[in-house]
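Visitor: Fold the following.
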Amino acid sequence: MIYRAPEIANSLSFLKSALTVNNPFNTTTEVLQWIRQRNVEVQVEINRINFGEMTDWFIDDEKNKLQHISGKFFSIEGVNIKTNWGKVSSWDQPIINQPEIGFLGIITKEFNGILYFLMQAKIEPGNVNYVQISPTLQATKSNYTQVHRGKVPTYLEYFLDRKNNEILIDQLQSEQGARFLKKRNRNIIIKVNSDLRVGDDFCWLTLGQIKELMRVDNIINMDTRTVISGIGFGNYSTDTINLYTLMRNDISEFYAGLLASELDSHSSLYSFDYIIHWFTNLKVKYELEVKSVPLREISDWQISDDCIKHQENKFFQVIAVNVTISNREVKSWNQPLIAPTQEGICAFVIKKIDGVFHFIVQAKLECGNFDILEMAPTVQCITGSYSGEDSRTNLPFLDYVLSAPQSNVAFDTLQSEEGGRFFQEQNRNLIIVTDEDFEMNLPANYIWMTLNQLKTFIKFNNYLNIQARSLISAISFIDKK
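Guide: Numbers count the residues shown, from 1 in each chain. As a prediction, the model looks like this:
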């Protein structure tokens with residue numbers, strides 16, 4: 001096994017790929033056509049069913065939890081939450097308990113000096129548009145150990161036996177803290193030198209193409225976004241960055257500014273140590289107690305034959321589906337899914353400070369967080385949080401984001417949650433550029449950070465939440481076409 005820390009050579013390989021959209025294997029337009037064609041060619045049928053109709057899942061007689069007959073995969077359980085964070089100090093809810101760590105892995109290979117990513121056109125039962133672009137390997141431990149008695153996932157051997165491959169990234173990263181109980185996945189990128197067969201559902205893309213495709217609604221799935229969010233492009237002096245951007249006449253001032261925020265490790269409002277101090281202070285201040293309770297006892301939630309839902313029909317529902325997908329390791333199965341009752345919004349507000357873009361980052365408590373708080377986007381909420389004027393006023397920066405003129409909107413797409421657990425859930429993802437007169441002072445649990453600082457925190461477990469990582473992954477340094 002060849003392992004090197006993120007060295008200059010690897011960082012530059014990633015950066016060159018991020019700045020490349022011309023692909024002799026597949027143009028971006030051809031990739032979109034390929035996705036549409038795969039939707040036509042692959043048989044997909046998703047039907048809602050009652051819990052009692054599931055063959056491999058059941059709610060036990062005491063209604064303690066919803067689980068698989070093997071005891072593997074995941075379960076839906078009840079929890080009671082107590083905290084001194086926010087206006088609600090205690091509540092009950094269902095939550096996904098999936099203690100096993102799965103693989104989210106991408107194989108890369110260099111062709112003619114450019115790093116390409118082997119991406120998969122994968123259908124998940126909860127996907128809004130069925131086929132989305134996923135990592136090379138996307139598998140829970142129960143999947144790749146064949147608890148489902150299906151085929152072994154394609155390319156699994158490259159991630160289990162890595163001795164002949166170079167590891168570029170290997171991280172444990174969290175899942176959605178409001179829905180999963182302390183869930184993490186292994187995000188890994190490897191580089192191969194040998195030839196490998198490219199299957200019908202796979203293609204080579206540059207990092208620049210992946211980021212370009214993120215400008216289209218619901219094409220790049222959540223698992224791809226979290227893996228590539230961990231890619232760093234190195235640290236450089238201001239003079240080197242300025243010289244580099246001047247040499248490239250295809251980068252506008254705005255995208256050059258984003259690149260500077262990514263590469264400049266010196267020009268930041270706050271030091272890295274100060275940010276850790278800020279975050280540690282908040283972790284000490286706030287408490288989070290999560291207690292397991294039977295599903296039948298969670299207050300304000302109702303269990304019926306076909307769903308578990310909040311009595312006011314808020315937040316989300318737990319439903320059951322029967323699935324048929326012709327090109328999966330298992331062709332047909334049934335399972336529970338989490339169905340949203342409303343869409344959400346995730347937004348970063350960014351501002352140039354001393355010539356470098358800084359992001360407003362929120363320290364956010366969610367009940368399933370591994371360590372109380374994680375760093376989140378400036379705004380992260382569901383539509384119920386801003387349906388009234390009071391909510392828009394009380395939630396910091398929400399009104400600013402929703403009222404931003406189009407000229408200040410640098411990124412605005414709908415992005416899906418992970419379709420293996422969530423049923424047709426999508427959130428509006430935004431990046432808003434402030435005017436020069438935007439207030440510098442922030443509430444206590446918010447702070448200004450450069451993109452370089454955010455990328456540094458991503459290297460470590462349980463700092464940036466998946467919503468923040470999703471938005472960061474979409475940041476491109478190439479002008480829109």
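Visitor: Okay, strands next: where are they in the stretch 201-350 of the chain?
Guide: Assigned strands in the stretch 201-350 of the chain, in chain order: 202-206, 288-293, 301-303, 307-310, 316-325, 332-340, 344-353 (criterion: DSSP state E, counting those that start in this stretch).
Visitor: where does the first one sit relative to the chain's centre, distance-wise?
Guide: It refers to strand 202-206. 20 Å (C-alpha atoms, centre = their mean, to the nearest Å).
Visitor: One more: the third one?
Guide: Relative to its chain's centre, strand 301-303 lies at 29 Å (C-alpha atoms, centre = their mean).
Visitor: name the helices or strands packed onto it?
Guide: strand 90-97, strand 307-310 (3 or more C-beta pairs under 8 Å, 6 or more residues apart in numbering; DSSP states H and E). From N, CA and C alone the C-beta is placed, and that goes for glycine too.
Visitor: Partner strands of the host helix or strand of Met449 and their direction?
Guide: Assigned by DSSP states H and E, Met449 falls within strand 446-450. According to DSSP bridges, strand 446-450 forms sheet pairs with strand 356-365 (antiparallel).
Visitor: Can you name the element that comes right after the one helix or strand in the chain whose mean pLDDT sits lowest?
Guide: Least confident element among the helices and strands of the chain, by mean pLDDT, DSSP states H and E: strand 2-3 (a mean of 48). Next helix or strand after strand 2-3 toward the C-terminus (DSSP H and E): helix 8-18.
Visitor: what about the residue of the chain most remote from its centre, which SS state?
Guide: Most distant from the centre of the chain: Asp61, at 35.5 Å, with distances by C-alpha atoms, centre = their mean. Taking DSSP: H, G, I helix; E, B strand; the rest coil as the rule, one finds Asp61 in the coil state.
Visitor: got a list of what it touches?
Guide: The contact partners of Asp61, by C-beta atoms under 8 Å, 6 or more residues apart in numbering, come to none.
Visitor: if I look at it, how far off is Ile96?
Guide: Asp61 sits at a distance of 22 Å from Ile96 (criterion: C-beta to C-beta, to the nearest Å).
Visitor: and if you look at Asp371?
Guide: The spacing between Asp371 and Ile96, counted by C-beta to C-beta, is 18 Å.
Visitor: next one: Cys381
Guide: Computed as C-beta to C-beta, the Cys381 to Ile96 distance reads 20 Å.
Visitor: Same question for Phe272.
Guide: From Phe272 over to Ile96 (counting by C-beta to C-beta), the distance is 33 Å.
Visitor: quick one: which of the two has more around it?
Guide: Ile96 (21 against 14; other C-beta atoms under 10 Å).
Visitor: bridging residues for the more buried one?
Guide: Ile76, Phe180.
Visitor: ok, how many other residues are close to the residue lying closest to Ala404 once chain neighbours are set aside?
Guide: Nearest non-adjacent residue to Ala404, counting by C-beta to C-beta, 6 or more residues apart in numbering: Ile432, 4.7 Å away. For Ile432, the neighbour count with other C-beta under 10 Å is 25.
Visitor: Would you check that Ile432 makes contact with Ile350?
Guide: Yes. Between Ile432 and Ile350 there is a contact under C-beta atoms under 8 Å: 7.1 Å.
Visitor: low pLDDT regions in this structure?
Guide: 1-8, 142, 144-150, 238-250, 328-329, 383-392, 481 (pLDDT under 70).
Visitor: where exactly do the helices run in it?
Guide: 8-18, 28-41, 141-144, 156-160, 207-213, 222-229, 238-247, 253-263, 272-285, 389-394, 398-403, 451-458, 466-473 (DSSP state H).
Visitor: Give the buried residues for the fourth one.
Guide: If you call a residue buried by 16 or more other C-beta atoms under 10 Å, then helix 156-160 has these buried ones: 156, 158-159.
Visitor: Can you get me the centre-to-centre distance for it and its chain?
Guide: Centroid separation for helix 156-160 versus its chain: 23 Å, with C-alpha atoms, centre = their mean.
Visitor: how much space is there between the closest residue to Ala139 other than its chain neighbours and Phe103?
Guide: Nearest non-adjacent residue to Ala139, counting by C-beta to C-beta, 6+ apart: Pro153, 4.6 Å away. Using C-beta to C-beta, Pro153 is found at 8 Å from Phe103.
Visitor: With Arg179 instead?
Guide: In terms of C-beta to C-beta, Arg179 sits 20 Å off from Phe103.
Visitor: What of Asn164?
Guide: Per C-beta to C-beta, Asn164 is found 18 Å from Phe103.
Visitor: before we move on, back to that, need the helices and strands packed on strand 301-303 in CSV with distance to Glu77, can you?
Guide: Listed next are these as CSV, based on distance: least, C-beta to C-beta, whole Å:
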stretch, distance to Glu77
strand 90-97, 5
strand 307-310, 11
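Visitor: among these, which is nearest Gln453?
Guide: Closest to Gln453 of the helices and strands packed on strand 301-303, according to C-beta to C-beta: strand 90-97, at 30.7 Å.
Visitor: That closest one - contacts with which helices or strands?
Guide: So strand 90-97, by 3+ C-beta pairs under 8 Å, 6+ apart, packs with strand 75-83, strand 301-303.
Visitor: That strand to strand 75-83, inter-axis angle?
Guide: Between strand 90-97 and strand 75-83, the angle comes out at 150 degrees (axes from the mean of the first three to the mean of the last three C-alpha atoms, to 10 degrees).
Visitor: list the buried ones in strand 90-97?
Guide: Applying a neighbour-count criterion of 16+ other C-beta under 10 Å, one finds 91-97 buried in strand 90-97.
Visitor: With stretch 55-66 instead?
Guide: So for stretch 55-66, counting by 16+ other C-beta under 10 Å, buried means 57, 59, 64-66.
Visitor: and the two most separated of those residues?
Guide: Trp57 and Asn64 (13.9 Å).
Visitor: number of nearby residues for the closest residue to Ile431 other than its chain neighbours?
Guide: For Ile431, ignoring the flanking residues on the chain, the nearest one in space by C-beta to C-beta, 6+ apart is Phe411 at 4.0 Å. Using other C-beta under 10 Å, Phe411 is surrounded by 18 other residues.
Visitor: and Phe411, what does it touch?
Guide: Residues near Phe411 by C-beta under 8 Å, 6+ apart: 215, 429-431, 471, 474-475.
Visitor: Same question for Ile96.
Guide: 74-76, 179-181, 183, 338, 421.
Visitor: And Asn164 and Phe103? Which one has more around it.
Guide: Phe103 (22 against 12).
Visitor: measure the more buried one to Ile46 for me?
Guide: 24 Å.
Visitor: swap in Val330?
Guide: 14 Å.
Visitor: So what pairs up with the residue nearest to Gln467 when sequence neighbours are not counted in the strands?
Guide: Sequence neighbours aside, Cys346 is the residue nearest to Gln467 in space, at 4.6 Å (criterion: C-beta to C-beta, 6+ apart). Note on Cys346: beta-bridge partners by DSSP bridges are Gln380, Asn429.
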